[in-house]
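Asks: got a sequence here, can you build the structure:
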Amino acid sequence: MLRFHLTSDDLTQVRMASQPLALWDIIFSLNLLQNRQAALLFDPWRHAVRRQLEKAQLTSAVAMLSQLYFEGGHAPDFLVATPDLADLDSGLDAVMSTPRPILCAQFAELVRLRRRPLPSWARNLAEGDAEALKSLGALLRRYYDIAVAPYTAHLQEAFTAERSRRAELAISAGVDGWLASYPAQVMQWEQGVLITHHPFEADYQLDGRPLTFIPSFFATDLPVATGERWVPPVIAYPIAHQLGWLTSSAHRPAVQQSGSSSLNRLIGPARAAALDALGTR
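Replies: Okay, the predicted model is just below:
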């Protein structure tokens, strides 16, 4: 469990993200491709995305990207957007301009947490190599274009509906009513403590920092990013979907193209080219 101890002053700093965050959509959608959670809702999306990734010769590279994000249950913080980096361009700019000392520290922590050395293709990233970061940004953008961008109309519709519903609760019942309105399996609000379900145990004080809620279309459980390294802390949580959302004519995605020639040179058709996409030379 993660427990957020909120004072009356903290409650004035609780807010909802104003729009979906592209880098969070990348994280959650990548996670969905690795599992069968919410199969009735997302299997048609999985099949469509996997076909397009194969067509674009990105399957191997995206599998390695998922390894970077999820192996051992810990992802480097530089891959996750803060609430002020909502759109894809600003998020990718932040990723690609991460200072070398931060990269070194975060990858060193990753090695410690995962208790294994970095794979060879990640070492250039860990060393802050500019070409490796540029290639990572290109791969993230191409993945987003295939897995997220075709579905943004429905994503935005679901996000707006969730945000409006919580805003109405905050207006009619106050912040207490808003925080208490979530299902118990998502989070619980009890006597000034917001409890979220998480495999780790920790207690957090906001100390004047805002706490931002991020309704997330591709989330199926409750990933939480917070703690001493996060300014501000965030809670990302799943939002409701309509069964069959992908097959409705209003949300049927456009067919994706195979990508730019420059990215094809970075990715290539085989594992060696996938390694090159992440900066291995």
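Asks: would you map the helices across this protein?
Replies: 8-11, 22-33, 39-55, 59-70, 88-96, 100-114, 123-126, 130-147, 152-179, 261-267, 271-277 (DSSP state H).
Asks: check these for me and report the most buried one.
Replies: Compared across the helices of the chain, helix 22-33 shows the largest average neighbour count, a mean of 23 (mean count of other CB atoms under 10 Å). Where C-beta positions appear, they are placed from N, C-alpha and C, glycine not excepted.
Asks: next one: residue 200, what pLDDT does it get?
Replies: Looking at residue 200, its pLDDT stands at 73.
Asks: contacting residues around the closest residue to it other than its chain neighbours?
Replies: Among residues not flanking residue 200 along the chain, residue 2 sits closest, at 7.1 Å (CB to CB, 6 or more residues apart in numbering). Contacts for residue 2 (CB atoms under 8 Å, 6 or more residues apart in numbering) come out as 195, 196, 198, 200, 201, 202, 203, 204, 224, 226.
Asks: mind putting these into CSV with neighbour count?
Replies: Shown next, in CSV, are the contacts of residue 2 (neighbours: other CB atoms under 10 Å):
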residue, neighbour count
195, 14
196, 18
198, 15
200, 9
201, 8
202, 13
203, 10
204, 19
224, 21
226, 20
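Asks: of these, closest to residue 44?
Replies: Using CB to CB, the shortest approach to residue 44 within the contacts of residue 2 belongs to residue 224, at 28.1 Å.
Asks: make a markdown table from the helices of the chain and add distance to residue 246 and mean pLDDT to it.
Replies: Below are the helices of the chain laid out as a markdown table (distance: least, CB to CB, whole Å; pLDDT from 0 to 100):
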| stretch | distance to residue 246 | mean pLDDT |
| --- | --- | --- |
| helix 8-11 | 38 | 92 |
| helix 22-33 | 12 | 92 |
| helix 39-55 | 4 | 94 |
| helix 59-70 | 19 | 88 |
| helix 88-96 | 21 | 94 |
| helix 100-114 | 34 | 87 |
| helix 123-126 | 33 | 89 |
| helix 130-147 | 12 | 95 |
| helix 152-179 | 8 | 92 |
| helix 261-267 | 26 | 41 |
| helix 271-277 | 27 | 42 |
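Asks: so which of these gets nearest residue 208?
Replies: Minimum separation from residue 208 across these (CB to CB) falls at helix 8-11, 7.5 Å.
Asks: send me that closest one as PDB with only the CA atoms.
Replies: C-alpha atoms of helix 8-11 as PDB (Å, rounded to 0.1, in the frame of the first residue of the first chain):
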ATOM      1  CA  SER A   8      -6.200  20.500   5.000                       C
ATOM      2  CA  ASP A   9      -3.700  22.600   3.100                       C
ATOM      3  CA  ASP A  10      -2.700  19.600   0.900                       C
ATOM      4  CA  LEU A  11      -6.400  19.200  -0.100                       C
END
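Asks: thought residue 6 was touching residue 193?
Replies: Yes - using CB atoms under 8 Å, residue 6 is in contact with residue 193, at 7.3 Å.
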